[in-house]
Every structure is written in C-alpha cells, then in structure tokens.
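A.B. asks: Next comes the sequence, and after it the predicted model I'd like to discuss.
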2 protein chains.
Amino acid sequence: MKKNNIVAGIDIGGTNTKVGLVTNSGNILCHALFKTGARDLYQQFLEKLEHQVKKLLATKQEEYELKAIGIGAPNANFNTGCMEYPVNFNWGEIIPLVDDVNKLFEVPVYLTNDANAAAIGELHFGAGKGMKNFVVLTLGTGLGSGIIVEGKLLVGEHGVAGEIGHISVDRNGRMCNCGLQGCLETYASVTGIRRTVFELIAAMREDSELRNISFNQMDGLAIADAALKGDVIAKKAFEFTGEVLGLKIANVVAVLDPEAIILTGGLTKAGNILLEPVRKSMERNLFKAYRGKIKVITSTLTGSDAVTGAAALAWSEI
Amino acid sequence: MKKNNIVAGIDIGGTNTKVGLVTNSGNILCHALFKTGARDLYQQFLEKLEHQVKKLLATKQEEYELKAIGIGAPNANFNTGCMEYPVNFNWGEIIPLVDDVNKLFEVPVYLTNDANAAAIGELHFGAGKGMKNFVVLTLGTGLGSGIIVEGKLLVGEHGVAGEIGHISVDRNGRMCNCGLQGCLETYASVTGIRRTVFELIAAMREDSELRNISFNQMDGLAIADAALKGDVIAKKAFEFTGEVLGLKIANVVAVLDPEAIILTGGLTKAGNILLEPVRKSMERNLFKAYRGKIKVITSTLTGSDAVTGAAALAWSEI
C-alpha cells in the first residue's frame, strides 16, 4: 500500500516544546508536548525531541511517510538555519538546529522564528485567512512577532525581521535577557506581567491572593483568575500591560499600516481583561489616518498554532 | 518633428514646493521652487502650482510633451489620490489633489506620500539603487518616511504605511500638530531641533549665538553652523536629536530588518554632527541580531530628491 505524505511541525518555546504530525490541509493527526529545558543542555533537548517525534511516527508508520520537518523557534534565522542569540536559552549563541535535526531524521528541515511560524499558520489556517497585511504577536515567556505583508512573510534583509519584543518601552526600564533595558517583552508577556504584579505587590497596600504565590510559580492564568475575581493588584497589572502593549502596537501600525494585529500565546488566555485595555490604549495612541481601522483580535487556532505554522512552512517548501 | 515624452515631478513640502520636468532616465531638465503656503488657502497653492509648471513647460514645449504628473505630498494616500489629515497644513482634512491637478493639466496624475516619493527616487536613481530593503526618513519641517521591502514600496492595507514621524518618543512629551503628544517628529526634524534648542536655552546658562535668533527665524543650518563653531547649546541639541532618532531607528529596525536607513531633508545638511550621534545611539539600542549590520547613510540625490521620486512614480505608472 502506498503511504501518504506527512510533515512534522515543531514549536520550540521558552517553556514547552510542542510537536505534531500535520497533513497538507493543516490537520494535526497526533501531537505531544515536553519541557524544552531552555536552561539545560542543548544535547538533552535534541534527545527528547528525537524520542518524542519518533514515538509519534511509530503510531502512524503504516499509513504515513515523513517528508519534511518545519520548526518554529525563538530568534531563528530562515536564511542560516540557526537559532541566533536566543535570549531566554542557555544553549549558546548560534545553534545549528536545521543541521542537527536533519541528522536525526534524514528529511529536509526548515526553520523560522516561532512567531513567524505562528504567522504562517494564521495566514493559511487561522484568523489571518483572507487577509494580506497583519502582525502576529505571541505573548508567551517572551514576546515574538511575525509580520505578513501583501500575503507573504516579511523576512528582512538579514532573515530576522520582526523582533517587536525588543522595541523600547523605557530605555532605563527593566533588564531584558537580551542585554538591553526596557524592551517590550519585559512588560508584555507572561514573564512581563509577573514582573508587573511583583512591582505592584511591592508598591501597593491592598490584599491579594497573588501575595501567596512565588515568582517562579506564578503563571498568567493565576493572574487572570485573580483579575476575574476582582483582585485589585491583578486587575491593575492587566491594565498596565494593556496600556504599554497598546501604545507599542500603535507605533508598529505607524510603520506597517496592517489590517489587524493577531494576539496569541499564553497571556491571551486572559481574554478581554487583556484585550480591552490593549484596544483602548492602541486607539488613543494611533495617528489619525489609522484610527478606527485596525483590528486587535486573538488567534482562532487552538493551542498548537505554532505547530500548524511550522508544518505550513514545511509544506510550502517541499 | 515628433516630441519626446516628459513627466512633471512635484514635491510638496511644509515650507517649499519644488517642481521639475524629468526624463525617463531621471534627468531633471528644468525646475522651480515656490513657497507652499501651508497656512494659506489651498486655492492659492493651486494657482501658484499651475503658474510654475506651465512656465517650465513653455520653455520646453517645442521638444517635449507632458505625459503625466507625479506628486509627493505629506500624508498622501496613493489609493484615494488625496492628502488626508496633513498635520502641518491648513488646507482642510481631505484634499483631493489628484482630481484638482488633473483638471489643470489634463494628464494622468499620481500621488503618494512625499517621503514615499523620495524612497522611490532613492530606489531608482539614488543611494538605494541595488538595495532591496531600506527605509528613507525625510527630516524637514516634519519627519516623513518611505519603506522599501523586497524592492517595492510598502503601501500598507489602507494606503498609508510609513508614518514613522508619529511613533511615540514620550507620550507626555511635546505637543504634535497631529493631536498626539511626544511624536518622533516633534524631536527629530528641523522644527524638532529648534524646539530642543529653545528648551536648552531655557535650561542652560551658557552663552550662545542662538540666543539672538527668534524661533520663527531659526533654521537647521543656523543650528548646524553654530555647532560646527563649537556652540555648546547647538552641539547638545544635535546630540539629543541624534540620541532620540537613533533609538527610534533601532525600534524600526526591530520591525523591518532593513539593509539601510537613508536620511534626507533639510536637517541632514548638518552632516556628521547629526549622523554620528544617530549611528551611536542606534547601535547601542539595537537588538543583538542586527548589531553592526545596519547602515545609516544620507541621500546621494541632490536637493530635488523628492521631485525625482515623484517623477519616477509617474514614469512607473504610465
């Protein structure tokens, strides 16, 4: 019996790595998730990745044949096939992912920024379907971005366009893992809102259930839950985050004039608690010509958006 | 005798309007300059424009035939053919330039942002020749921008991409003509550096020849001349301007990943007094992946860059 073609989509995040086997219509046949171990050894990551993908392939090997692998990873360069200076990882400065994964599976491997992969996913299968100009912001451990211009991924001269997480909010502000100070991702990400909560806990007197959670154990959902229950500190943290993010979105709009900003990633699970202050702040800070014209929406892909995007990248290249 | 084709290029600036007759190799046959009168009546501007262009045409009418007109103007929308909410003009909110100029000359008229026209000019005839990804910033009365991505003008979803002059430096900062506060053009433009000089005159004790010039009479050259002679206030004004502009260029780079930033317009006549602090500040604020890779250069077109650009637009459309 002739086997059907399949690709693997891999989404490497600062906390978790997701892998899935994806058909050419964007259907995820099966998937798995494991801890990335961004602070551990790169070699350990490769071993976990090999194990997880081979396990998935084993369940489908009678019907499907692996044709290619698409990877989305932070600070990845499409041109070189490497992760370059990934600020939330301890794996070194230049990480030759394409070569290393190719050795493990012996199929073509394509790499892009995890947020670019998410943008390609939104373009083909998600909220960006039918749109020509939009920006995807992934609000997770960090803040990634993927930009679609005239229906195509904006790659840039050196292969690394779309590092919106590192535009400046306050150059004397919070220390960023990249070495700069006051980058947008130190405010508008899961890590960023945790930092805001801790600043507010230090500054304010109000009681809050968040005072019982350590920094390392606090996630975006805990803050969102508290805000929904009326927790003053949690609500203020979302308002501040939305204020900062909305202003910087307005600045990005003044460069690109997109149809929409699509938000995705862990922090967007908070829904309207985040979206409303973002929209309000963006609108207030937009140059006249853009006012009332720019949509801020959330991803319609569920959970594995970057896996689908990475797979879409692989399908579009083979 | 059969006449050769010619187009008119028109560059409408906040202070001056330049017109020229341009061949399809970018050669300006003849040109003229008149006061725009941005604060006077729009009808008066149209009369002056008609008079000046017809005078130029009269000198060439035996050899050349006008085929089209290209116009670069602030806040122009290519899609609608109108200037929309031009913040430094008293001509109304929506100004139907294409229709009105078409009535005067009865040839096709094409309109874009004055800075977009400059960018098209740089792409075809100037410092951007051979480049695929760059940003042109025009530092004149205001700050305009034109963005080239993969060899094409970035138009945007609504026809108004590239309003980099209105990204935020300090949302509690200087009042901008657009209604926002702290926009980049209130710092990095001829008007912006004048405001900086006056702030420094108020704050500092040092003697300066600039203390003898009124706000309305101070131009960029006077400040540059003073700086070259070692005037402390003038030097500090350029350093501050370069600092602000370099930081915001670094943020634009983090969106677009261009090969170069091309500076043009009145303020760039200051040369290295401006360029050096811009480069230093940009480099210091760039995300790692871009460091050492982004050129900041000045236009190689002399004076009439936006005229050539507007003409290039017309040639590319007919």
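C.D. replies: That came in fine, so what should we check first?

A.B. asks: Determine the three-state secondary structure at the most centrally placed residue in chain A.
C.D. replies: Nearest residue to the geometric centre of chain A (CA atoms, centre = their mean): residue A:138, 3.3 Å. Assigned with DSSP: H, G, I helix; E, B strand; the rest coil, residue A:138 falls in the strand class.

A.B. asks: Quick check: it touching residue A:114?
C.D. replies: Yes: Residue A:138 lies in contact with residue A:114 (CB atoms under 8 Å); the separation is 6.7 Å. The way it works is simple: take the backbone N, C-alpha and C, and place the C-beta from them, glycine included.

A.B. asks: joint contacts of these two?
C.D. replies: Here residue A:138 and residue A:114 have A:144, A:306 as joint contacts, going by CB atoms under 8 Å, 6 or more residues apart in numbering or on different chains.

A.B. asks: wait, what's in contact with residue A:21?
C.D. replies: Counted by CB under 8 Å, 6+ apart, residue A:21 has contacts A:6-9, A:28-31, A:56-57, A:60, A:64, A:66.

A.B. asks: which SSE is it in?
C.D. replies: Taking DSSP states H and E as the criterion, residue A:21 maps to strand A:16-22.

A.B. asks: what are the pairing partners of that strand, and which direction each?
C.D. replies: In the sheet, strand A:16-22 lines up against strand A:4-12 (antiparallel), strand A:28-35 (antiparallel) (DSSP bridges).

A.B. asks: ok, which stretches of the stretch 1-150 of chain A are strands?
C.D. replies: Listed in chain order, the strands of the stretch 1-150 of chain A (DSSP state E, counting those that start in this stretch) span A:4-12, A:16-22, A:28-35, A:64-73, A:76-77, A:82-84, A:94-95, A:109-113, A:134-139, A:143-149.

A.B. asks: Mean pLDDT and distance to residue A:262 added to these, as TSV?
C.D. replies: As requested, the strands of the stretch 1-150 of chain A are arranged in TSV below (pLDDT from 0 to 100; distance: least, CB to CB, whole Å):
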stretch	mean pLDDT	distance to residue A:262
strand A:4-12	95	16
strand A:16-22	95	19
strand A:28-35	95	19
strand A:64-73	95	15
strand A:76-77	90	20
strand A:82-84	93	24
strand A:94-95	96	28
strand A:109-113	93	15
strand A:134-139	96	5
strand A:143-149	95	9
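
A.B. asks: Quick one: residues contacting residue A:168.
C.D. replies: Counting by CB under 8 Å, 6+ apart, residue A:168 touches A:180, A:182, A:183, A:184, B:247, B:250, B:251, B:285.

A.B. asks: what number of residues lie near the fifth one?
C.D. replies: This points to residue B:247. By other CB atoms under 10 Å in any protein chain shown, the residues close to residue B:247 number 20.

A.B. asks: give me phi/psi at the nearest residue to it once chain neighbours are set aside?
C.D. replies: The shortest distance from residue B:247 to any non-neighbouring residue, by CB to CB, 6 or more residues apart in numbering or on different chains, is to residue B:285 (4.8 Å). Residue B:285 has phi and psi values of phi -100, psi 0 when expressed as degrees, to the nearest 10.

A.B. asks: if I look at residue B:285, how far off is residue B:196?
C.D. replies: With the distance defined as CB to CB, to the nearest Å, residue B:285 ends up 19 Å from residue B:196.

A.B. asks: How about residue A:280?
C.D. replies: 31 Å.

A.B. asks: Which of those two has more residues huddled nearby?
C.D. replies: residue B:196 (24 against 14).

A.B. asks: Who are the contact partners of the residue nearest to residue B:247?
C.D. replies: Applying CB under 8 Å, 6+ apart, the residues near residue B:285 are A:168, A:171, A:180, B:246, B:247, B:250, B:251.

A.B. asks: Was I right to think the fifth one contacts residue A:171?
C.D. replies: The one in question is residue B:247. Yes: with contact defined as CB under 8 Å, residue B:247 reaches residue A:171; the gap is 6.5 Å.

A.B. asks: re earlier: out of the contacts of residue B:285, which end up buried?
C.D. replies: A:168, A:180, B:246, B:247, B:250, B:251 (16 or more other CB atoms under 10 Å in any protein chain shown).

A.B. asks: what's the following helix or strand after whichever strand or helix holds the fourth one?
C.D. replies: In other words, residue B:247. Per DSSP H and E, residue B:247 falls inside helix B:232-256. Note on helix B:232-256: by DSSP H and E, the next helix or strand toward the C-terminus is strand B:260-264.

A.B. asks: which helices and strands sit right next to that next one?
C.D. replies: helix B:114-125, strand B:134-139, helix B:232-256, helix B:272-285, strand B:295-298 (3 or more CB pairs under 8 Å, 6 or more residues apart in numbering or on different chains; DSSP states H and E).

A.B. asks: tell me which residues in stretch A:104-119 are buried?
C.D. replies: For stretch A:104-119, burial by neighbour count (16+ other CB under 10 Å) applies to A:105, A:107, A:109-119.

A.B. asks: and that stretch with chain B, contact?
C.D. replies: No: residues of stretch A:104-119 are not located near chain B by CB under 8 Å from any CB of the partner chain, the shortest gap being 10.3 Å.

A.B. asks: Could you work out the end-to-end span of that stretch for me?
C.D. replies: End-to-end distance of stretch A:104-119 (CA to CA, to the nearest Å): 27 Å.

A.B. asks: Pull the distance from it to the chain's centre.
C.D. replies: In terms of CA atoms, centre = their mean, to the nearest Å, the centre of stretch A:104-119 is found 14 Å from the chain centre.

A.B. asks: how would you label residue A:160: helix, strand or coil?
C.D. replies: Classified using three-state DSSP, residue A:160 is coil.

A.B. asks: That one and residue B:289 touch, don't they?
C.D. replies: Yes: between residue A:160 and residue B:289 there is a contact under CB under 8 Å: 4.6 Å.

A.B. asks: Show me whatever sits in contact with both of the two.
C.D. replies: Common contact partners of residue A:160 and residue B:289 (CB under 8 Å, 6+ apart): A:75, A:77, A:84.

A.B. asks: Tell me which residues touch residue A:291, please.
C.D. replies: Going by CB under 8 Å, 6+ apart, the list of residues near residue A:291 reads residue A:283.
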